[in-house]
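Q: my questions are about this predicted structure, shown below with the sequence.
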There are 2 protein chains.
Amino acid sequence: MAETSSKDMIRVTYRLEIPAFAGASLEAMAAKIASDQSTGTFTELPGETEAVKARCAARVLSVTPLAEAATPGFPRPEDPEGTRYLRGDAVIGFPLDAVGTDIAALMTITVGGVYSARGLSGVRVMDFDLPAAWSCHPGPQFGIDGSRRIMNVPEGPMIASIIKPALGLTPQETATVVGQLCEAGVDFIKDDEKLMSPSYSPLAERVAAIMPVIDAHAQRTGKRVLYAFGISSADPDVMMRNHDIVRAAGGQGAVININSVGYGGMSFLRKRSELCLHAHRNGWDILTRHPALGMEFRAYQKIWRLLGVDQFQVNGIAAKYWEPDDSFVRSFGDCLTPVFSDADRALPVVCSGQWGGQATETYRRTGGRLDLMYLGGGGIHGHPMGASAGVTAIRQAWEAAAAGVDLSDHARNHPELAASLAKFGR
Amino acid sequence: MAETSSKDMIRVTYRLEIPAFAGASLEAMAAKIASDQSTGTFTELPGETEAVKARCAARVLSVTPLAEAATPGFPRPEDPEGTRYLRGDAVIGFPLDAVGTDIAALMTITVGGVYSARGLSGVRVMDFDLPAAWSCHPGPQFGIDGSRRIMNVPEGPMIASIIKPALGLTPQETATVVGQLCEAGVDFIKDDEKLMSPSYSPLAERVAAIMPVIDAHAQRTGKRVLYAFGISSADPDVMMRNHDIVRAAGGQGAVININSVGYGGMSFLRKRSELCLHAHRNGWDILTRHPALGMEFRAYQKIWRLLGVDQFQVNGIAAKYWEPDDSFVRSFGDCLTPVFSDADRALPVVCSGQWGGQATETYRRTGGRLDLMYLGGGGIHGHPMGASAGVTAIRQAWEAAAAGVDLSDHARNHPELAASLAKFGR
């Protein structure tokens, strides 16, 4: 069907849904989308020659039907009671010549316009299949190997924590918590994603308070904890100044609220960054929480990895948010699947309500992989024997998981894990 | 209720929806969101003192119940058949000290995290009420008055068109269409939003082909048509280079795919831009198309206007996309409502399937306002008497609308309008 060879084609998979009226056809809807996203308008035009169409026409490559739905993705009160909805996955090929390699072009041509098509009762972008020309994007600067190198954790999960309370602490109060977490033995500490540079904790003052604690701990113990500061700003110039403040103080990491800075912010930062970039995807939920609408994480994370995300928060088993475990498991695997090469994989950061008790299931369901960061907040700060025991309990839980030992068995001679199980278990 | 005065408070209105189980309470859900977005975690923490909470605690200011829904926003197959869903508008106040004036902080704290809350069956951000400190943002550089000045249209609607076919033309072919549209008498021409810098029409070559046509027309007729070039790139450095190419050739306008460049891209551009920025919001639909989810245009457009959008595409009556007319009418009004002052209003661009026939209803339903751009694509290019007649027909339709004359009456002695009515009417 395709006249353009696959190396010159961007393939996008859409989950489409339309009312199953007489004559309704997913193939026709896919063809309409392909046409709308290339040359279409609502009336015939003199200049729309075959030569013009050939230059940039998108083509439907396949349509795979799925089970019908009884309720539409977008509400359609106008449909007769009992209307069914046809569902299917359509793959549309866009010529590379028509899109190029700019992420803004990709998003506008293959995503933005599709969401507006009339007649759809649901639409979800499932995946981007990008040709080799797209490897021009920088990708992660550190990724998994670089993250391990910075933290000096050659193998096994990297154990991380977050400052709690999330907001409201002064820089000095924060530094005190940092000292406690360093003592507790974590590999990584981060600002809450909601903390950037508020008046009660301006970034420069926070960096000035925290970095000496990190340095002193490194001096004393040889262990340099990686701290990720919240440097996000919607203004790339401000974000770069924030980056420079962290770097000048010897800092090595940053938390980036990727949706809140946008592709432009991330692209600008990555080209100039010397920091390991830990992505928080807040805002993503609205794109993905309705399964018939929006975008699958698989598609979403590819773009952000090409832009330079090193570490990607993906929630975890029994997270405190809405996300089901299955979705987390898929996301974890997505981060570890190369787009073009192993170097563009992002370190999956397992987080949200994690205290170690989920280690076994995480390990089992993600294919027995230990290339991850495991981030405990309340599970460390709220451990009944203190934060140090909270970290120890998490390490014990991962030892047990990797060794295939039952957690409660392992807890018999590991009192920290036993205390976690008693407090946070079931 | 608020201890912080309103000038130090960011108020965000959310449309919340939750299953109406026994004991369910919208007030409790709003309180949970306010807590989660300030200091909350899943367990009690030693450091979470009252002093900490006071610094940054968000507060529920009001909850206004709405009619219950019979179906949830996010599908909930787990709910018993017949479950009803409580709906209401909650206003939450966030202390300015905790958020600051950065758009990334606003989006992460008041929007991003809220979308992830467990237990919601629907959530839609309805509006941001921003304190005076937020007037620090640049806002539109040209806005309505500047757009009129550039196009030399002191009053009445600005008549615009778009290159058709949207994609696939070479720069020279495009320049030919530009010449035709200039002759036809438009005030404004734009690249299709999907056209940025593909290999068959690189921006620099397109600018080099088009600007001499614009210049020659201005020389000959005294009328300088404003051309908006597609300069979007996810890389702000590239977007600025594109901007400079346009500016160096004497160009004055640009089409920006705002969601595809992100806040960072827009912020970076606006600080350096000398071009009038025409916003295309592709991608927005997925945020707003499900009425129980996402974000209302009212909230969305405020942020983009603060970032510097001069002209905002808002569809129109009987658009070819999914958007209902009521939504367009609200959007039109939103663009013309000051955030802080008249200067921050954006010119509403009425578009999509427009050919003049919708002028009367547009005029009537938007409150009899003529501060708008009216953009015809197929309605101009596809006019049976040619593009010039298409533009004339649109001007005739707006004359009739503003004078309160019935279109078909007006068409009796206006053959161009009559031809449009015959071809495009019902």
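A: In hand now; what should we look at? Numbers count the residues shown, from 1 in each chain, chains lettered A, B, ... in the order given.

Q: so residue A:334, which of the three states?
A: At residue A:334 the chain is in helix, as set by DSSP: H, G, I helix; E, B strand; the rest coil.

Q: burial measure for it, as a count.
A: Residues lying near residue A:334 (other Cβ atoms under 10 Å in any protein chain shown) number 23. No exception for glycine: its C-beta is placed from N, CA and C like everyone else's.

Q: what residues of stretch A:320-335 count as buried?
A: A:320-323, A:325, A:327-329, A:331-335 (16 or more other Cβ atoms under 10 Å in any protein chain shown).

Q: contacting chain B as well, which ones from these?
A: A:320, A:321, A:322, A:323 (Cβ under 8 Å from any Cβ of the partner chain).

Q: any idea what the residue nearest to residue A:14 when sequence neighbours are not counted is bridged to?
A: Using Cβ to Cβ, 6 or more residues apart in numbering or on different chains and skipping the chain neighbours, the partner closest in space to residue A:14 is residue A:90 (5.0 Å). Assessed by DSSP bridges, residue A:90 has beta-bridge partners residue A:14, residue A:63.

Q: could you do the one 4 residues further on as well?
A: Here residue A:94 shows beta-bridge partners residue A:10, assigned using DSSP bridges.

Q: that one contacts residue A:12, correct?
A: Yes - between residue A:94 and residue A:12 there is a contact at 6.9 Å, judged by Cβ atoms under 8 Å.

Q: overlap in contacts, the two.
A: residue A:110 (Cβ atoms under 8 Å, 6 or more residues apart in numbering or on different chains).

Q: in the stretch 251-400 of chain A, what residue is nearest chain B?
A: Residue nearest to chain B within the stretch 251-400 of chain A: residue A:262 (1.4 Å; Cβ to the nearest Cβ).

Q: pull out the buried residues from the helix or strand encompassing that residue.
A: Using DSSP states H and E, residue A:262 maps to helix A:258-272. Buried residues in helix A:258-272, counted by 16+ other Cβ under 10 Å: A:258-270.

Q: if you count contacts, what does it end up packed against?
A: Helix A:258-272 sits against helix A:103-106, helix A:236-248, strand A:276-280, helix A:297-307, helix B:103-106, helix B:236-248, helix B:258-272, with contacts defined as 3 or more Cβ pairs under 8 Å, 6 or more residues apart in numbering or on different chains; DSSP states H and E.

Q: for residue B:286, which of these is the nearest?
A: helix B:258-272 (9.4 Å; Cβ to Cβ).

Q: centre of the chain to the closest one, how far?
A: Its chain's average C-alpha position is 14 Å from that of helix B:258-272, according to Cα atoms, centre = their mean, to the nearest Å.

Q: taking helix A:258-272 as reference, get the angle to it.
A: 60 degrees (axes from the mean of the first three to the mean of the last three Cα atoms, to 10 degrees).

Q: for residue A:217, what are its contacts?
A: Contacts of residue A:217 (Cβ under 8 Å, 6+ apart): A:179, A:182, A:183, A:223, A:224, A:225.

Q: out of the residues you listed, who's nearest chain B?
A: residue A:179 (12.8 Å).

Q: isn't there a strand covering that closest one?
A: No - counting by three-state DSSP, residue A:179 is not found in a strand; it is helix.

Q: which SS class is the nearest residue to residue A:341 once chain neighbours are set aside?
A: Leaving aside its sequence neighbours, residue A:341 sits nearest to residue A:135 (Cβ to Cβ, 6+ apart; 7.8 Å). Of the three states, residue A:135 takes helix under three-state DSSP.

Q: count the residues that sit near residue A:135.
A: Neighbour tally, residue A:135, other Cβ under 10 Å: 15.

Q: do the same with residue A:318
A: Residue A:318, neighbours per other Cβ under 10 Å, totals 15.

Q: separation between it and residue B:401?
A: 59 Å (Cβ to Cβ, to the nearest Å).

Q: with adjacent residues omitted, what lies nearest to residue A:132?
A: residue A:7 (6.1 Å).

Q: my guess is that neighbour contacts residue A:134. True?
A: No - between residue A:7 and residue A:134 there is no contact under Cβ under 8 Å: 10.8 Å.

Q: looking at those two, which is more packed in?
A: A direct count of neighbours by other Cβ under 10 Å for residue A:7 and residue A:134 places residue A:134 higher, at 21 against 9.

Q: my guess is the more buried one contacts residue A:100, does it?
A: No - using Cβ under 8 Å, residue A:134 is not in contact with residue A:100, being 9.8 Å away.

Q: below-threshold pLDDT in chain A: ranges please.
A: By pLDDT under 70, the weakly predicted segments of chain A are A:1-6, A:39-55, A:426.

Q: quick one: name the residues of the stretch 201-350 of chain A near chain B.
A: A:232-239, A:257, A:259-268, A:271, A:280, A:282-287, A:289-295, A:307, A:320-323.
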